[in-house]
Structure formats: structure tokens, C-alpha cells
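Chemist: Pasting a predicted model and its sequence here:
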Amino acid sequence: MAEATAQKNPRAVSGVVVSDKMDKTITVRLERRVKHPVYGKFMRKSTKVHAHDEKNRCKVGDTVTVVECRPLSKSKTWMLKSIDERAGGV
């Protein structure tokens, strides 16, 4: 986790784990609310990112916090910071 703390203020976001099938990698869905430009209704938009999970601790459904880090592979530029809530309330 030294790479994540090397930045002065790394960007941290929370999301839900949607896949843990890769080794040491999780897929996290990040949701945000945006206002429709014409109608003014707030809509949910989501983005999926790959994050580094060194010890394979996360399971599908967990709520996690990830931080930006240097590119670890072609698609991984995020790293797991903490597991906020386990799936199923355990």
C-alpha cells in the first residue's frame, strides 16, 4: 500500500464489489448522481473500475473504499484501502 500513500492526497471513493474472480483484483462499481441537463431529474450513473486487492479479502457485495495509485497493469489504477461493510451484514 506504499504506492497509495506516496501521493499527497490520493482520491478515495466508495463503491460495491461486483466481481472478485480475478487473482488479487476486484471490480468495483462506483455510483454518482448527475442532474439531467434538460429535465432536471437526478439520475444514477455508474463506472466500473479494477482495484488491487493484495490478500483477496473482498467478496461480491462488499462495500469498499478504493484510492487512486500508479498504474499497476493496463486496467488497474486503483488500490483497496478498506472494507467498509461486508456483504450479508457479517
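Modeler: Looks like it arrived, so ask away.
Chemist: average pLDDT for whichever strand or helix holds Ile83?
Modeler: Under the criterion of DSSP states H and E, Ile83 resides in strand 76-85. Strand 76-85 shows a mean pLDDT of 97.
Chemist: Contacts for that strand, please.
Modeler: Identification of contacts with strand 76-85 by CB atoms under 8 Å, 6 or more residues apart in numbering yields 1, 3-4, 12, 14, 25-26, 28, 49-54, 57-58, 62-72. C-beta: built from backbone N, CA, C; applies to glycine.
Chemist: Same question for stretch 48-62.
Modeler: Contact with stretch 48-62 is made by 1, 15-20, 22-30, 64, 66, 69, 72-73, 75-80, 83-88, as judged by CB under 8 Å, 6+ apart.
Chemist: make it 6 Å
Modeler: Stretch 48-62 is contacted by residues 17, 20, 24-29, 66, 72, 75-76, 78-80, 83, 86-87 when judged by CB atoms under 6 Å, 6 or more residues apart in numbering.
Chemist: Can you get me the start-to-end distance on that stretch?
Modeler: 14 Å (CA to CA, to the nearest Å).
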